[in-house]
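Enquirer: Can you look at this prediction? I've put the sequence above it.
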Amino acid sequence: MKRFLLIISVVLISCGGDDGPPPSPEGALLVFPLQSSECTTGVSVNETLSQVTFEWMAANNTDLYTLNVVNLETNTPQTITTGATSASLSIEKGAPFSWSILSSNSSSDETATSENWLFYNSGALTTYPPFPAQIIRPKSGASVQKSSADQVVLEWLGADVEDDISIFEIYFSETNPPVLIATENSQSSMVNVGVVSGVTYYWRVVTTDGEGNTSDSGIFDFKVL
């Protein structure tokens, strides 16, 4: 009888210690600065900088948040890690920025990323150029498969504080810098382009608003398989 009870105990111990993998963190919901907005709440630090407080909602299974802020004119990133749901950074006045949150926890190797929001930090400007177009696909350095029609889709996302984008100019070629191939209206977000396997292509998007202000996505490259 004692031997029987010992076997049961061993089985129970061996089966009771596996609780499965730790829960993965979830992406945070962004709160402020608002998407495609002008941020006017910053506290002036000097003539060129103001301190902006970024806010987001608490995410499940998360004990650390990494705030990522990128100056879209210079592509300069700033990061700060915190256990709170807000953090402050000093950033350039009158410049366009993107920001997002990376969620993580100490019990898991997994991470989760929030949406990526755009805003202008308030400055001396009374009117703001469009945000540089955000490239959706192909990403820079990507290798892509062409369609049966020997084409690849170029896709981007445009945004503007005043919501008055008028046109997108699409530059695309085998040479760098690429050349203008199309002008699309504000409702467009993609074009099809003819390609050849084994060739590297370059492309960019210039956005123009109703007042003639422009912004440039920068040049991206991809190779066709």
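Expert: Right, received. Where do you want to start?
Enquirer: where in this protein is pLDDT low?
Expert: Along the chain, the parts satisfying pLDDT under 70 run over 1-19.
Enquirer: got the contact list for the residue nearest to the spatial centre of the chain?
Expert: For the chain, the residue sitting closest to the mean C-alpha position, by Cα atoms, centre = their mean, is Asn116 at 4.0 Å. Residues in contact with Asn116, defined by Cβ atoms under 8 Å, 6 or more residues apart in numbering, are 98-100, 134. Using the backbone N, CA and C atoms, a C-beta is placed for each residue, glycine as well.
Enquirer: Look at Thr74 and give its secondary structure.
Expert: Reduced to three states with DSSP: H, G, I helix; E, B strand; the rest coil, the structure at Thr74 is coil.
Enquirer: So what's the residue count around it?
Expert: For Thr74, the count of nearby residues is 9 (other Cβ atoms under 10 Å).
Enquirer: mind checking how far it is from Phe172?
Expert: When Cβ to Cβ, to the nearest Å is applied, the distance between Thr74 and Phe172 equals 25 Å.
Enquirer: Verify the contact between Arg159 and Pro130 for me.
Expert: Careful, residue 159 is Ala and not Arg. Yes. Assessed by Cβ atoms under 8 Å, Ala159 is found in contact with Pro130 at 7.0 Å.
Enquirer: Common neighbours of these two, please.
Expert: Between them, Ala159 and Pro130 share these contacting residues under Cβ under 8 Å, 6+ apart: Ile165.
Enquirer: which one of these two has more residues nearby?
Expert: More neighbours sit around Pro130 than around the other of Ala159 and Pro130, counting by other Cβ under 10 Å; the figures are 27 against 20.
Enquirer: re the thing from before, return the closest of the contacts of Asn116 with respect to Leu89.
Expert: Proximity to Leu89 was ranked across the contacts of Asn116 by Cβ to Cβ; first place goes to Trp99, at 9.1 Å.
Enquirer: show me the contacts for the residue lying closest to Ile170 once chain neighbours are set aside.
Expert: The shortest distance from Ile170 to any residue that is not its chain neighbour, by Cβ to Cβ, 6 or more residues apart in numbering, is 4.4 Å, and that residue is Ala182. Listed by Cβ under 8 Å, 6+ apart, the contact partners of Ala182 are 169-170, 172, 191.
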